[in-house]
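[1] Sequence plus predicted model, see below.
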Amino acid sequence: MSQVNDAAAGHYGDRPWLAPGAVPFIHIQGVSKRFGDFVAVDNVDLEIYKGELFALLGGSGCGKTTLLRMLAGFEEPSSGNIFIDGADMRSVPPYERPVNMMFQSYALFPHMRVEQNVAYGLKRDGVPPAEVRRRVEEMLAMVELSDFARRKPHQLSGGQRQRVALARALVKRPKVLLLDEPLAALDKRLREQTQFELMNIQDKLGVTFIVVTHDQEEAMTLSTRIAVMDAGRFVQIGTPTEIYEYPQTRFTASFIGTINMFEGTVVRDGGGLALDCADLPMRLALPEHFDGGEGQQITLAVRPEKIRMSKTQDAGGGAVVSLPGKVRDLAYMGNLSIYRVEVGKAVVQITAPNQRRLDQREITWDDEVHVGWDTASALALTE
Amino acid sequence: MTRGLQTALARLQGGWQSVVVLVPYFWLLLFFLVPFFIVLKISLAERIIASPPFSPLFQWAEDGALTMRLLFDNFVWLWEDELYVETYLNSLRISIVSTILCLLIGYPIAYGISRARPTARTILLLMVILPFWTSFLLRVYAWIGLLADQGTINNLLIFLGVIDSPIRLLYSEFAVYVGIVYTYVPFMILPLYANMEKLDLSLHEAAADLGARPLTTFFTVTLPMTLPGIIAGSLLVFIPATGEFVIPDLLGGGNVLMIGNVLYGEFNANHDWPVAAAVAVALLVVLVVPMMIYQRVQARESGI
């Protein structure tokens, strides 16, 4: 079975779920978790393949952590089944599961030195002392903490503690590593650096990672696939690109990044269909992928960076939407600027790279502009 | 100008700070060190028939010289008379066993309270503290009623047909253990609870996740992390239990001799203040040793 997966991974690289005949490594089947009247996880199905770096993304209380805790064995599903590497995990206690977890608080044992923390799991498995020492040293070298082996957790910085927690969870060579908000406690620079370290380690060891996060940026950069969760259910499962470029619902579209949304009714306009939005001075052409009909209430969504802006009538040619507006607000972010342009009664948000210096830019407050986008860049969302 | 004023104010505040720090030191000096030196002085005196019944420390000799007499007789007496050494050892044995019993009973109770729901926790803690609302003497007398030959426990056992005639419960070492453990178990529970309440539950989950069974988790994580609470609670039980004299007097009925009873007897029945003082000083030395061990452990905990 693992041979099938390895072969599949060979051909399909970091997209093992596309391989024909690929067998999911983790199979979550109709799993629900209720706490009293509250449904934390509501009948979810999920298949995760070997070697994936899978992100469970959602706001607080969406059920992502509960799902992770069910995989670790700290919670039993109220109904449904979880299979890891073909084995049913029902009533298998945490200490017998082939998974290890990195806790959000790191949960390092404060009374043990770094090396003792890392060795803890190996000792529980009855690994001979010499091998324990060798593997602990090897793991500490990998997370670059060899010089800190004899320190206690409270003598380490946040980033070092995070690496100890990672080393402690990985030293047992689990089949699956569960990470609960692994980077939440780190500052921005350290977070970016650690993100890449995590990806390198995952690549090197080939362990399947499941990451719980509320940070969409973290999910986007880290993972091979993302499951967006809301109210105990999966809203969408896909690669970061799919989730960002082709969100299927308004929730996903607005949860990941920023997006402009125009609500309206589909009407017949000349030869084709268009969106009649009450807030806008003119109708919007619909993207080709739209397969609904006249009279339907839909939302047209466009990412801010996909919108162009110019002082003259946009001469993009082809399938382009163009609207007159006035710059109301402008935020300078260093590498890019955010413009808020009033179009009819709506406000359109546009991001543009600062190709020129601030004092030389063409468009500024109160300028009359035309905003426009390729119709193919927009999304017609029905739910 | 303003800066000068500010530094002056800061200095004044510094002055007040040192006053605040000095108050407890002054308190300790007045009510601990001074009485201790008075007791130490008496222990080095000689018993005389007078009021007060001991010889003065300083005396004018006939040739006009001020002389100081320090008699170590009393301490030699304590060491040579088997009664005292045996009683000290007996007191230590009883308080050590009581401390262990308090720990065995108190540890699961404290753990249970710390893991209870917040509302239940308040009630459970209240139940631990509740006995303090009645007089200590009253509670010990209540045990006499329970343990006596015609007491509640014997009557119940006879009624149930477990025994035919009353068994001896009161005026025995058993009754003393019951009294001490009953009285001091809250002093074990409270520091343990304070320690366990702060215990991070995710550490238990981390241990389980790394392959530790519940019992292993207890011995490798829970127990070492609650050690400060165990030490604090054990000292709070051990130190007063060693000097206990009401419980062995009332529940031991003269069959169980602890050092507190000897001290009481020397002072009240024999009117031998110097020997009584020497017993007290020696007891303090016996108790200071564990306190110093505790201090060292604490210093090491916070040091590393």
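    Yep, that arrived.
[2] residue contacts, the closest residue to chain A within the stretch 51-200 of chain B?
    Nearest residue of the stretch 51-200 of chain B to chain A (C-beta to the nearest C-beta) works out as B:Asp200 at 6.7 Å. Any C-beta I mention is one placed from the backbone N, CA and C, and that applies to glycine too. Listed by C-beta atoms under 8 Å, 6 or more residues apart in numbering or on different chains, the contact set of B:Asp200 reads A:105, A:107.
[3] B:Ala232: what secondary structure?
    Three-state call for B:Ala232 (DSSP: H, G, I helix; E, B strand; the rest coil): helix.
[4] For it, which non-adjacent residue is closest in space?
    Nearest in space to B:Ala232, with sequence neighbours left out and distances taken as C-beta to C-beta, 6 or more residues apart in numbering or on different chains, is B:Pro191 at 4.1 Å.
[5] Assess the claim that the one you found and B:Gly229 are in contact.
    Yes. Between B:Pro191 and B:Gly229 a contact is recorded at 5.2 Å, counting by C-beta atoms under 8 Å.
[6] Any stretches of the chain with poor pLDDT?
    Since you didn't name a chain, this refers to chain A. Residues of chain A meeting the criterion pLDDT under 70: A:1-14, A:314-319.
[7] that answer is for a different chain, and I need it for chain B
    For chain B, applying pLDDT under 70 flags the ranges B:1-5, B:8-14, B:290, B:301-304.
[8] Any residues of it in contact with chain A? List them.
    With the criterion set to C-beta under 8 Å from any C-beta of the partner chain, chain B comes near chain A through B:200, B:202-203, B:205-213, B:216, B:220-221, B:224-225, B:304.
[9] out of the residues you listed, which are buried?
    In terms of neighbour count (16 or more other C-beta atoms under 10 Å in any protein chain shown), the buried residues within the residues of chain B next to chain A are B:200, B:202-203, B:205-212, B:216, B:220-221, B:225.
[10] May I have the residues that are in contact with the spatially closest residue to A:Asn260 that is not a sequence neighbour?
    Sequence neighbours aside, A:Val302 is the residue nearest to A:Asn260 in space, at 4.9 Å (criterion: C-beta to C-beta, 6+ apart). Listed by C-beta under 8 Å, 6+ apart, the contact partners of A:Val302 are A:259-260, A:262, A:373, A:377-379.
[11] Ok, B:Tyr84 next?
    Going by C-beta under 8 Å, 6+ apart, the list of residues near B:Tyr84 reads B:77-78, B:259, B:262, B:279, B:282.
[12] That one in helix, strand or coil?
    With three-state DSSP as the criterion, B:Tyr84 reads helix.
[13] what's the neighbour count on the residue of the stretch 201-350 of chain A found nearest chain B?
    Nearest residue of the stretch 201-350 of chain A to chain B: A:Ile210, at 13.7 Å (C-beta to the nearest C-beta). For A:Ile210, the count of nearby residues is 26 (other C-beta atoms under 10 Å in any protein chain shown).
[14] Is it correct that it falls within a helix?
    No. Counting by three-state DSSP, A:Ile210 falls outside a helix, being strand.
[15] Need the contact partners of the helix ranked longest in chain A.
    For chain A, the helix that runs over the most residues, judged by DSSP state H, is helix A:188-205. Residues from elsewhere that reach helix A:188-205, judged by C-beta under 8 Å, 6+ apart: A:53, A:142-143, A:158-159, A:162, A:166, A:170, A:173, A:179, A:182-183, A:186, A:209, A:218, A:221-222.
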